[in-house]
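> Can you look at this prediction? I've put the sequence above it.
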Amino acid sequence: QQSGRKYNLFLKRRLRIDKRHQSKDSIFFRDGVRRIDFVLSYVDDLNKEWEKKLERRKEFESNLQKAGLELETEDKKESEDGKIYFVKIHAPWEVLITYAEVLNIKVPIKENDIPPKVENPLDCVLFPLRLPEHVMHPEPDYFTAPFSKDKQELYLINDESTFFSPSMRNRIVNYILTRCPYGTEEGKKKFGIKRLLNNGTYTAAYPLHDCQYWKKACDPNCDSERHTLYMEWARFLRFYKEQPLDLIRKYYGEKIGIYFAWLGFYTEMLFLAAVVGLICFLYGLFTMDENMSSKEICDPAIGGEIIMCPLCDRDCEYWRLNTTCQASQYSHLFDNVATLFFAIFMGIWVTLFLEFWKRRQARLKYQWDLVDFEEEQQQLQLRPEYEAKCTQKKRNPVTQEMEPYLPLTSQAVRFCISGATVLFWVSLIIASMIAVIVYRLAVYAAFASLMENTQTLQPISGLLTPQLATSVTASCLNFVIIMILNFFYERIAIWITDMEIPRTHMEYENRLTMKMFLFQFVNYYSSCFYVAFFKGKFVGYPGAYTYMFNRWRNEECDPAGCLIELTTQLTIVMAGKQIWGNIQEAIVPWICNWWGRRKARNNPENLYSRWEQDHDLQTFGALGLFYEYLEMVIQFGFITLFVASFPLAPLLALMNNILEIRVDSWKLTTQYRRPVAAKAHSIGVWQEILNGMAILSVVTNAFIVAFTSDMIPRLVYYYAYSENEDSPMSGYINNSLSVFEISDFPERNEPKENPENFVICRYRDYRYPPDHEKKYMHTMQFWHILAAKMAFIIIMEHVVFIVKFFVAWMIPDVPADVKAKIKREKYLTQKILHEYELEKLKERLCQGDNRATEKEFIATEGRMELSRAM
């Protein structure tokens with residue numbers, strides 16, 4: 001029986017091979033001529049919805065054919081698993097030219113005659129980083145104009161089958177699919193492939209990749225651009241090479257192209273920040289032994305004789321300052337004079353990055369024919385969901401046509417629900433952060449007791465202090481909570497944005513972006529803001545400590561400062577996010593695809609068709625790029641908002657981004673179905689978010705240098721309170737610690753044991769000693785330091801902002817040569833169109849067309865002369 005089954009399977013395969021003379025890896029219909037522009041798939045599931053789904057499919061496919069599309073269905077017997085039907089869609093020439101005009105697609109009219117830019121003297125040096133010319137520039141540069149059916153002879157149409165690129169073709173077909181009706185249900189007209197995918201009528205809808213990524217297509221009519229992208233771009237060993245942006249744009253569309261252009265430019269700019277940050281770090285490393293503060297802390301005669309007050313109530317003991325020797329040495333790596341320089345440098349770097357990106361973006365807009373795209377976007381990107389859900393109509397004052405609209409009352413209700421939901425989730429983040437703070441306060445005593453009583457931890461007790469152990473475990477716990485909250489909020493944000501029913505695709509993305517960014521901003525940065533600006537600032541003093549919820553005593557900073565803890569927090573959250581992000585982006589899709597294709601690997605290649613291969617890949621989705629941008633913008637926040645505490649952050653970001661570019665390109669080329677091509681002339685609302693973060697970063701870094709680091713107290717001591725001219729910083733540690741008389745401890749705070757019968761203990765603050773008439777009140781030095789901190793913040797902010805705005809003013813957003821090229825192209829386009837109209841008019845006059853009057857001819861010539869003069 002088993003051998004009989006194998007024989008039947010053999011016959012079935014034999015019949016399928018004989019039935020198709022062409023390779024099933026082909027991207028053409030069975031005739032080998034008509035290109036497959038889109039594929040729909042569905043499964044016959046014989047349940048109660050089966051008949052309704054069948055009816056929808058028949059109506060939908062009938063309407064697609066009425067719209068001019070050609071369909072070819074692959075029976076489920078032809079599929080690898082014997083369950084899936086595939087509907088292949090081809091857009092004939094007539095459909096393409098009709099919708100090219102509707103979508104205002106620009107096509108070539110003349111080869112670009114503007115001379116190429118002058119050779120760069122550094123080209124020889126940069127040659128190893130370059131890609132071959134045919135990869136970087138896969139097609140000639142043309143002057144373009146919006147397509148018009150009535151002027152086809154005007155355009156450079158050499159071959160109708162290749163005139164529109166595959167990305168243009170799938171964009172046109174997708175436009176039809178999203179607007180094609182499939183019937184009326186519950187008295188409402190239903191349309192669009194998205195609804196049919198949501199209700200299970202179809203299981204997938206996607207354009208095809210042009211070949212397998214690891215080898216070129218056998219068909220000579222196929223360009224094998226996917227293979228070229230994989231070999232030249234999507235492999236990690238090509239990490240040092242430039243990106244083939246024109247080929248990416250040609251294959252995936254402008255929206256994905258502009259993302260990789262931005263990511264590549266951001267990575268290039270990070271190189272400068274990483275080098276300067278590394279130099280600042282090395283300065284801290286080489287001057288570590290010269291740091292007077294850590295020398296005094298580590299000196300047994302100074303730090304060893306200073307007895308510090310307990311860091312928690314009752315359970316903690318008195319401790320000697322020199323036990324924090326190693327921690328104070330490591331804090332100097334990040335808390336030194338170079339920190340101030342780097343904070344100012346990064347404030348200027350951010351401005352340079354944003355201004356130079358605007359110039360790069362303007363150049364891409366010209367090269368990719370996106371100069372006049374804004375108007376087109378507003379007119380054409382109306383969401384099908386908006387048209388379907390808005391049953392009421394009103395007259396458009398511009399077009400005088402009836403169009404759907406959402407009443408103001410409905411909008412107000414939806415925005416209230418949306419705002420309340422976002423506020424609830426932001427409150428949830430703040431509550432979780434408070435829970436982590438409570439954890440820090442609650443476990444500190446446990447760590448202090450554990451490290452004192454556990455012999456195995458004694459060798460590392462100098463490095464792993466109770467403060468550091470608490471900080472590291474709290475940071476890890478905080479990271480886990482961040483990822484859990486992210487997982488749930490992503491789904492909530494999409495749901496409430498759908499509920500608002502935005503009018504256009506741009507409006508939808510902008511609203512979702514603002515919701516997600518607000519949440520992620522609070523989620524990722526709240527713990528860093530706590531450590532930077534709140535921890536150790538509201539502690540009180542021995543005998544009068546402040547308590548959270550009247551139960552847990554507020555945390556104190558390490559005697560070496562809170563900056564090292566901020567560095568720890570930043571490193572764990574930033575590095576953890578990058579590692580987790582790469583696992584999610586690369587390993588998870590690979591495992592899913594491996595599992596989905598495990599059966600197909602046993603089949604001959606000619607039985608595993610191109611549409612089946614792509615069907616088994618992951619879906620990139622409409623929000624795929626949104627998550628990529630969000631990941632990078634959150635990273636941008638880490639390297640700008642808190643960079644004063646961690647000069648190595650840009651270096652970490654640089655290494656991550658080098659990997660990120662190749663991971664993103666690899667997964668897009670090998671693990672995901674080909675996304676539908678979409679246009680975009682910029683990075684959208686992300687530009688405004690980056691601008692806002694750039695301004696905020698100046699403020700946060702000024703506050704970090706002033707209030708979190710010890711720089712200002714040291715400078716005040718150096719210039720105003722030092723008594724040793726030969727070594728001005730000697731005595732700083734003793735000066736920065738106040739004296740407390742142990743007998744003044746209330747019972748709640750007093751340690752259970754005092755085996756050495758200490759009389760006084762020291763604590764971090766500037767207060768009068770117990771024998772002073774202003775006992776435990778702030779000294780004048782405290783107010784001097786506070787005034788110096790406020791003055792520093794004002795001066796640093798004003799200096800950096802003035803430099804930022806001056807740099808922004810000096811650098812024009814659009815390069816001069818690009819402006820000239822845009823004007824040249826507009827002039828030539830107008831000239832060509834006018835000459836074409838004039839020739840047509842002459843033909844009509846010669847043919848005796850009475851409607852073509854001499855006055856019309858003169859007016860057309862006059863318009864040409866006017867155009868030349870302008």
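Okay, I see it. Numbers count the residues shown, from 1 in each chain.

> residues in contact with the closest residue to Pro713 other than its chain neighbours?
Leaving aside its chain neighbours, Pro713 sits nearest to Ile785 (5.2 Å; criterion: Cβ to Cβ, 6 or more residues apart in numbering). To be clear about C-beta, it is placed using only N, CA and C from the backbone, and glycine gets the same treatment. With contact set as Cβ atoms under 8 Å, 6 or more residues apart in numbering, Ile785 has these partners: 712-713, 716, 766.

> give me the low-pLDDT residue ranges for the stretch 751-870 of the chain?
The stretch 751-870 of the chain contains residues with pLDDT under 70 at 848-870.

> now the strands for the stretch 201-350 of the chain?
Assigned by DSSP state E, counting those that start in this stretch, the strands in the stretch 201-350 of the chain fall at 204-206, 307-308, 319-320.

> Looking at these, which one is packed in the most?
strand 204-206 (a mean of 21; mean count of other Cβ atoms under 10 Å).

> Could I get the contacting residues of the residue lying closest to Phe28 once chain neighbours are set aside?
What sits nearest to Phe28 in space, not counting adjacent residues and going by Cβ to Cβ, 6+ apart, is Arg35, at 5.7 Å. In this structure, Arg35 makes contact with 27-29, 90, 161, 166, 169, judged by Cβ under 8 Å, 6+ apart.

> Which ones among these map onto strands?
Filtering those for membership in strands, criterion DSSP state E, returns His90.

> so which of the contacts of Arg35 comes closest to Lys842?
Comparing those against Lys842 with Cβ to Cβ places Ser161 closest, at 32.3 Å.

> Return the distance of the closest residue to Asp616 other than its chain neighbours relative to Phe143.
Excluding its sequence neighbours, the residue lying closest to Asp616 (Cβ to Cβ, 6+ apart) is Gly596, at 4.7 Å. Taking Cβ to Cβ, to the nearest Å as the measure, Gly596 falls 45 Å from Phe143.

> Neighbour count: these two, which is higher?
Phe143 (22 against 13; other Cβ atoms under 10 Å).

> The closest residue to that one other than its chain neighbours in helix, strand or coil?
With Cβ to Cβ, 6+ apart as the measure, Lys110 is the residue that lies nearest to Phe143, at 4.6 Å, once sequence neighbours are left out. For Lys110, the assignment made with DSSP: H, G, I helix; E, B strand; the rest coil gives strand.

> mind listing what Lys110 touches?
By Cβ under 8 Å, 6+ apart, the contact set of Lys110 is 142-143, 156, 828, 832.

> Arg440 contacts Cys476, correct?
No - shown here, Arg440 and Cys476 do not form a contact pair, counting by Cβ atoms under 8 Å, at 12.0 Å.

> Look at those two and report which has more neighbours.
Arg440 (22 against 13).

> Work out for me the element that one sits within.
helix 408-453 (DSSP states H and E).

> Mind giving me the packing neighbours of that helix?
helix 466-500, helix 505-533, strand 547-548, strand 552-553 (3 or more Cβ pairs under 8 Å, 6 or more residues apart in numbering; DSSP states H and E).

> how many degrees apart are that helix and helix 505-533 in direction?
Counting by axes from the mean of the first three to the mean of the last three Cα atoms, to 10 degrees, helix 408-453 lies at 30 degrees to helix 505-533.

> Helix 466-500 and helix 408-453, what's the angle between them?
Using the same axes, to 10 degrees: helix 408-453 against helix 466-500 is 160 degrees.

> average model confidence for helix 408-453?
Mean pLDDT, helix 408-453: 82.

> Then stretch 535-548?
Mean predicted confidence for stretch 535-548 is 86.

> what about that stretch, distance to the chain center?
Distance of stretch 535-548 from the chain centroid (Cα atoms, centre = their mean, to the nearest Å) equals 40 Å.

> List of residues touching it?
309, 313, 437-438, 441, 553-557, 562, 565, 707, 738, 740, 744-746, 749, 761, 763-765, 767, 776.

> Please indicate which of those residues are buried?
309, 313, 437, 441, 553-557, 562, 565, 707, 738, 740, 745, 749, 761, 763-765, 767, 776 (16 or more other Cβ atoms under 10 Å).

> just to revisit the earlier point, among the contacts of stretch 535-548, which are located in strands?
Using DSSP E, the contacts of stretch 535-548 in strands are 553, 738, 740, 761, 763-764.

> Between all of these, which two are separated the most?
Checking the ones in strands among the contacts of stretch 535-548 with Cβ to Cβ, the most distant pair is Arg553 and Ser738, at 17.5 Å.

> hmm, back to that, now the helices and strands packed on helix 408-453 in a markdown table, with distance to Gly277?
Below are the helices and strands packed on helix 408-453 laid out as a markdown table (distance: least, Cβ to Cβ, whole Å):
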| stretch | distance to Gly277 |
| --- | --- |
| helix 466-500 | 21 |
| helix 505-533 | 17 |
| strand 547-548 | 35 |
| strand 552-553 | 36 |
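
> deepest of those, which one?
Comparing the helices and strands packed on helix 408-453 by mean count of other Cβ under 10 Å gives helix 505-533 as most buried, with a mean of 20.

> re the thing from before, figure out which of the helices and strands packed on helix 408-453 is closest to Val102.
helix 505-533 (16.1 Å).

> quick one: the closest one to chain centroid distance?
12 Å.

> what's that helix packed up against?
Under the contact criterion of 3+ Cβ pairs under 8 Å, 6+ apart, helix 505-533 touches helix 408-453, helix 466-500, helix 563-582, helix 624-641, helix 685-703.

> which stretches of the stretch 1-150 of the chain form strands?
38-43, 70-74, 84-90, 106-111, 142-146.

> will you turn those strands into CSV that also has distance to Val800 and mean pLDDT?
Shown next, in CSV, are the strands of the stretch 1-150 of the chain (distance: least, Cβ to Cβ, whole Å; pLDDT from 0 to 100):
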stretch, distance to Val800, mean pLDDT
strand 38-43, 52, 94
strand 70-74, 61, 93
strand 84-90, 56, 94
strand 106-111, 42, 86
strand 142-146, 43, 86
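
> Let me have those strands in TSV, extended by distance to Ile795.
Shown next, in TSV, are these (distance: least, Cβ to Cβ, whole Å):
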stretch	distance to Ile795
strand 38-43	61
strand 70-74	70
strand 84-90	65
strand 106-111	51
strand 142-146	52
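
> Of all those, which one comes closest to Ile492?
For those, the distance to Ile492 is smallest for strand 38-43, at 30.0 Å, taking Cβ to Cβ.

> buried residues in that closest one?
By neighbour count on 16+ other Cβ under 10 Å, the buried set for strand 38-43 is 38-42.

> Partner strands of that strand and their direction?
Using DSSP bridges, strand 38-43 pairs in its sheet with strand 84-90 (antiparallel), strand 204-206 (antiparallel).

> looking only at pLDDT, what's the mean for the last one?
The reference is to strand 204-206. Mean predicted lDDT for strand 204-206 stands at 95.

> Tell me the gap between that strand and the middle of its chain.
The answer for strand 204-206 is 25 Å, by Cα atoms, centre = their mean.

> any idea how far Glu741 lies from Cys761?
Distance, Glu741 to Cys761, by Cβ to Cβ: 9 Å.

> Understood, closing this out.
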